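**Q** Here you go, sequence then predicted model.
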Amino acid sequence: MDSNQLHAWSRHYDSLLWNVTTLFAAAIGGLLVYTYSTFHIGVAIVGLIITCLPVYFAASFREASYKINQHLPAEERKIIFEDRKLKQWSPYVLVFVLLETLWVWLLLANMLAYWWLWLLLGISAIVYTLYWSRLGRIEKANA
């Protein structure tokens, strides 16, 4: 593959990442608002589970993009990836961890009797999110 095709594939995976993130963020936001106004335990649990998925998808798209970028000439990789000051990955993951925390808060606020279950589900969700986040973290590997 030539450099133009590699760039096109890389853009494709970046575009997929943001399209999937946008769809999930809209769905999660809508579910949060709906569940806040009309609490349904099933919707809240599904919302918590769904909130874990965008980081998994983003990590997989980052992995694919990273593998494609490894085939770019070294000088192009250096120009594109060296000396970046604003990294997006940690804030991206933090947004979803905060949303998971909101789901747990919503479950606690509406069904406190099962607090131990909500905390267990919330901790599990955050652990999976951070695990997938770690798989998706690519630091200085492209340079």
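**A** All right, it came through fine. Residues are numbered from 1 along each chain as shown.

**Q** List the buried residues of the helix or strand where residue 36 lies.
**A** Residue 36 belongs to helix 3-37 when assigned by DSSP states H and E. Buried residues in helix 3-37, counted by 16 or more other C-beta atoms under 10 Å: 6-7, 9-10, 13, 16-17, 20-21, 24, 28, 31-32, 35. Heads up, the C-betas are built off the backbone N, CA and C, glycines and all.

**Q** Check the offset of stretch 64-72 from the chain's centre.
**A** 20 Å (C-alpha atoms, centre = their mean, to the nearest Å).

**Q** I should have written stretch 29-38 there, sorry.
**A** 20 Å.

**Q** Can you tell me which helices and strands the helix holding residue 36 packs against?
**A** Counting contacts by 3 or more C-beta pairs under 8 Å, 6 or more residues apart in numbering; DSSP states H and E, helix 3-37 packs against helix 41-69, helix 89-110.

**Q** any residues touching stretch 101-110, and which ones?
**A** 32, 35-36, 39, 41, 44-45, 47-48, 51, 114-115, 118-119, 121-122, 125-126 (C-beta atoms under 8 Å, 6 or more residues apart in numbering).
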